[in-house]
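Engineer: For reference, the sequence and a predicted model appear below.
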Amino acid sequence: MIGVTLRALTTVVLAAMAATAPPAAAAPPAAGELVKPALFAESESVAVGATLWLDVHLAISSGWHIYWRNPGDSGLPTTIEWTLPPGFAAGDIAWPPPERFVVGPIGSYGYAGETDLLVPVTTPAAIDSATPVHLAATVNYLVCSEICIPGSAKLATDLPAGAGAADPRQAARFAAARQRLPVPAPFAAAFAVEPNALRLIVPAAALAGLAQPEAAFFPYADNVVDASAAPRTVRRNGGMDLVLAKSASPVAALPRTLDGVLVLRDSRAVRAYRIGATPTAAPALPPDAALGWAAALGFAFLGGLILNLMPCVFPVLSLKLLGFAGLGDSARRHRHGLAYTAGVLASFAALGGVLIALRAGGAALGWGFQLQAPPVVAALAYLMLAMGLGLSGVAEFGMGLAGTGSRFAAHGGLAGAFLTGVLASVVAAPCTAPFMGAALGAALVAPAPLALAIFVTLGAGLAAPLLAASLVPGLARVLPRPGRWMGLLKQLLAFPLYATAAWLVWVLVQEVTPAAALAALLGLVLVGFAVWVYGRTRAAANRGRGAGSALAAAGLAGAVLIAALLPAATGRSPTSADGLAYEAFTPSRLAALSAEHKRVFVNLTAAWCLTCIVNERATLDRPAVRDAFAAHQVVALKGDWTRQDPEIARFLEGFGRSGVPLYLLYDGSGTPTVLPQILTEAEVIGAVSRL
């Protein structure tokens, strides 16, 4: 009731503001000029003990609309107040399916053009045949465009008592109005609750005879779904899942049943059903993502284990293994291994907790979300450069995050090992290993404690190899003895860090404006200056060393300030002109191509996703793949998630995924096949040939 009251109050205030506009402004039109009501009876006369159907016809001016029984985020429902003779009783309005209107962040349900509201009236057992039956109604409505204007109209008709014969003049009107009414669904529907959405599960029986149907759902209850968000459809097992964004209203509550009108349409037919979907405990995910929780934890561990082989993790892991070689004492290795593992687990727990909390608050985020923030990308690039310069001998750092590269073992202490685990976790974020997609997808629908366990298990997989090297004597013995080679290898390992910094700058360029990219590059210069001056003044006298530290701190502060103030560019990132001839992905474009029975390949990617880049360069951009796409007339769509994009995030959720890459191949019927996260030419060409 609170939500209804606030909506009504807001609407009335807006209407009052329009009606009381100052004289200098153009006066708004009268409601009676915008909506023309009329009353029609289906019968020529009124029969005793029968049902008389009346039609309140509303003709609405172009560009304006009135409201359905549930008006959505704004507006007021249209009402009819009847004045009838004694013994007569009016029933409920038979509402035709509405349309969805969206203005900015506000969505509403209603009617444009014209509509017919049918109402049944029951008659008494006796009627005075000498007096015409007077039937009167007052129609109250709110008509809206850029402004809202309340209106009211009084309607009446007089009918004689008689046999209740149908009026042939009204037969076509009432037949057409009944044809548009929703009918009880001859199938059972269900719905599942997801973190930010309700998934309406429509069985295959509902779609029989429809080619590439589109779907819409209009709930009877308010504050259930976000009326401004277009529903998203996912074809599965011959049926369809309709993913509806949850209402952001503070009084929103999960329904016991999801009641409303489901509209299915294709190029030839429109079907409207009244449904009462019942809740289902299963998370209604596609088969490849519907994992048991034990399987999800196992996949998370395997995915974390494979992360150690990814190029984004390799430099940090190599440095830590190099540090182990310099620790002759097995007890010290044990402590360092445990500290490193603690850093990894704490980081993954924190990352998972933040992601779960943000998603619960309605944010459309997923794995790697922190790399969609330009300040984070810039800070990581600065850190990689500082670590590389330290390994190259420009400066020797003490214990700390930037110093984990040069003195993170014997001199870094347990805190250095812990921070190395933190760093390994941070740089692992852009990578998506096999098994990770399904595990993280399961975390989307899991209760918060279990979702957090999946993230921690992912971290355990990442930490497992180095922890084993620190605890198992046999593995420790294969490490080479300390020697001069360590200094050479340490300098050599600086170059993967430089490469990582260069890649992060490239990612940053995709996310910010050209001016901001230049500022970020100047930040790199400041970091280089800070490291250089710090290293050059370490052997100076106290005053010189203090001045060097102050200059280094100023340089770092300037770089941090630049990173913190980096603005994100707006709009979608451009698609690559290399390789496949991509169009920009949007759910509406995908739906349009599916409606044309086109074969479609969807590539959801990001500039910070190394797995995505490797797949594109090594597989998707190959001539044989391009030829296969051309031969089978496959349209390629690319969705770039480098920047935050709630539309792509919601689409990923529909396939039980929390991050990229996601590769989908749609056949001519609109049914998707989910391709593996690690692609090969043979797999892609084989999948295309089977379309």
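Structural biologist: Great, that's in hand. Numbers count the residues shown, from 1 in each chain.
Engineer: Could I get the contacting residues of V243?
Structural biologist: 194, 197-200, 231-234, 650, 653-654 (Cβ atoms under 8 Å, 6 or more residues apart in numbering). From N, CA and C alone the C-beta is placed, and that goes for glycine too.
Engineer: do you know how far it is from P182?
Structural biologist: Relative to P182, V243 is positioned 21 Å away (Cβ to Cβ, to the nearest Å).
Engineer: what's the answer for G87, then?
Structural biologist: The value you get for G87 to P182, if Cβ to Cβ is used, is 30 Å.
Engineer: pLDDT on the strand or helix carrying A557, on average?
Structural biologist: Applying DSSP states H and E as the criterion places A557 in helix 542-564. The average pLDDT within helix 542-564 is 80.
Engineer: Mind checking what helix or strand follows that helix in sequence?
Structural biologist: strand 582-584.
Engineer: Flag every buried residue along that following strand.
Structural biologist: Neighbour counts over strand 582-584 (16 or more other Cβ atoms under 10 Å) mark Y582 as buried.
Engineer: residues in contact with the helix holding A557?
Structural biologist: Helix 542-564 is contacted from outside by 374-375, 378-379, 382, 519-520, 522-524, 526-527, 529-531, 533-534, 536-538, 540, using Cβ under 8 Å, 6+ apart.
Engineer: on that earlier part again, list just the nearest of the contacts of V243 to A166.
Structural biologist: The closest of these to A166 turns out to be L200 (Cβ to Cβ; 38.3 Å).
Engineer: Give me the neighbour count for the nearest residue to the closest one once chain neighbours are set aside.
Structural biologist: Excluding the flanking residues, the one nearest L200 by Cβ to Cβ, 6 or more residues apart in numbering is L242, at 4.1 Å. For L242, the neighbour count with other Cβ atoms under 10 Å is 23.
Engineer: Now the element after the host helix or strand of L242, going C-ward?
Structural biologist: Element membership for L242 (DSSP H and E) is strand 239-245. Using DSSP H and E, the helix or strand that follows strand 239-245 towards the C-terminus is strand 258-265.
Engineer: Note down every partner strand of that next one and its orientation.
Structural biologist: Here strand 258-265 has these sheet partners by DSSP bridges: strand 214-219 (antiparallel), strand 270-279 (antiparallel).
Engineer: With G260 as the reference, name the closest of those.
Structural biologist: Proximity to G260 (Cβ to Cβ) singles out strand 214-219 among the strands paired with strand 258-265, at 4.0 Å.
Engineer: which residues does F601 contact?
Structural biologist: 580, 629, 634-637, 663-666, 688.
Engineer: now stretch 215-222, how far from the chain's geometric center?
Structural biologist: Offset of stretch 215-222 from its chain centre (Cα atoms, centre = their mean, to the nearest Å): 20 Å.
Engineer: Next, the buried residues of it.
Structural biologist: 215-220, 222.
Engineer: And stretch 669-683, by the same measure?
Structural biologist: Across stretch 669-683, burial judged by 16+ other Cβ under 10 Å covers 670, 672, 674-675, 677-679.
Engineer: Over to stretch 542-554?
Structural biologist: 548, 551-552.
Engineer: got the buried residues for the lengthiest helix in the chain?
Structural biologist: Longest helix in the chain by number of residues (criterion: DSSP state H): helix 330-360. For helix 330-360, the neighbour count (16+ other Cβ under 10 Å) marks 332-333, 335-349, 351-352, 355-356, 359 as buried.
Engineer: go on, stretch 582-599?
Structural biologist: Using 16+ other Cβ under 10 Å as the test for burial, stretch 582-599 gives 582, 585-587, 589-591, 593-594, 598-599.
Engineer: Widest-spaced pair of the buried residues of stretch 669-683?
Structural biologist: In those, two members sit farther apart than any others by Cβ to Cβ. They are G670 and I678, at 26.0 Å.
Engineer: what's the spacing between W68 and V270?
Structural biologist: The spacing between W68 and V270, counted by Cβ to Cβ, is 17 Å.
Engineer: got it, and A350?
Structural biologist: The spacing between A350 and V270, counted by Cβ to Cβ, is 50 Å.
Engineer: between the buried residues of stretch 215-222, which is nearest A47?
Structural biologist: For the buried residues of stretch 215-222, the nearest to A47 is Y220 (32.4 Å; Cβ to Cβ).
Engineer: per-residue pLDDT, that closest one?
Structural biologist: 94.
Engineer: Including distance to L262, could the contacts of V243 go into TSV?
Structural biologist: TSV is the format used below for those (distance: Cβ to Cβ, whole Å):
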residue	distance to L262
E194	19
A197	16
L198	13
R199	13
L200	7
P231	10
R232	15
T233	12
V234	15
R650	20
E653	21
G654	18
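Engineer: Now do the strands in the stretch 101-250 of the chain.
Structural biologist: Applying DSSP state E, counting those that start in this stretch to the stretch 101-250 of the chain gives strands spanning 106-111, 114-122, 133-144, 148-159, 183-184, 190-193, 197-202, 214-219, 232-236, 239-245.
Engineer: Dump those strands to a markdown table, plus distance to G32.
Structural biologist: Shown next, in a markdown table, are the strands of the stretch 101-250 of the chain (distance: least, Cβ to Cβ, whole Å):
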| stretch | distance to G32 |
| --- | --- |
| strand 106-111 | 17 |
| strand 114-122 | 16 |
| strand 133-144 | 10 |
| strand 148-159 | 6 |
| strand 183-184 | 34 |
| strand 190-193 | 42 |
| strand 197-202 | 39 |
| strand 214-219 | 28 |
| strand 232-236 | 40 |
| strand 239-245 | 36 |
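Engineer: Confidence-wise, which of the ones you listed is weakest overall?
Structural biologist: strand 232-236 (a mean of 74).
Engineer: could you say which helix or strand contains F651?
Structural biologist: Here F651 sits within helix 646-654, counting by DSSP H and E.
Engineer: and that helix, what other elements does it pack with?
Structural biologist: Judged by 3 or more Cβ pairs under 8 Å, 6 or more residues apart in numbering; DSSP states H and E, helix 646-654 is in contact with strand 232-236, strand 239-245, strand 599-605.
Engineer: Single out the most deeply packed of those strands.
Structural biologist: strand 599-605 (a mean of 24; mean count of other Cβ atoms under 10 Å).
Engineer: and stretch 501-519, how far apart are its ends?
Structural biologist: By Cα to Cα, to the nearest Å, the extent of stretch 501-519 from end to end equals 15 Å.
Engineer: taking the mean pLDDT, what do you get for it?
Structural biologist: Mean per-residue pLDDT for stretch 501-519: 80.
Engineer: for stretch 461-478, same thing?
Structural biologist: Stretch 461-478 comes out with an average pLDDT of 74.
Engineer: partners of the helix or strand just after the helix holding F651, with directions?
Structural biologist: Going down the chain from helix 646-654, the next helix or strand is strand 662-666, by DSSP H and E. Strand pairing for strand 662-666, using DSSP bridges, gives strand 599-605 (antiparallel), strand 672-674 (antiparallel).
Engineer: Which one of those has the poorest average confidence?
Structural biologist: Among the strands paired with strand 662-666, strand 672-674 carries the lowest mean pLDDT, at a mean of 82.
Engineer: Distance from that strand to the middle of the chain?
Structural biologist: Here the centre of strand 672-674 is set off from its chain's centre by 19 Å, with Cα atoms, centre = their mean.
Engineer: residues making contact with it?
Structural biologist: Strand 672-674 is contacted by residues 234-235, 286, 288, 602, 655, 662-667, 687 when judged by Cβ under 8 Å, 6+ apart.
Engineer: For T642, state which of the buried residues of stretch 542-554 is nearest.
Structural biologist: Minimum distance to T642 across those is 32.2 Å, recorded for A552 (Cβ to Cβ).
Engineer: ok, now how distant is the closest one from A563?
Structural biologist: 17 Å.
Engineer: Check F299 too.
Structural biologist: Distance check for F299 against A563: by Cβ to Cβ, it reads 35 Å.
Engineer: For the residue of the chain positioned farthest from its centre, give its distance to I106.
Structural biologist: Distance to the chain centre peaks in the chain at A130, reaching 66.2 Å (criterion: Cα atoms, centre = their mean). To I106, A130 is 54 Å away according to Cβ to Cβ.
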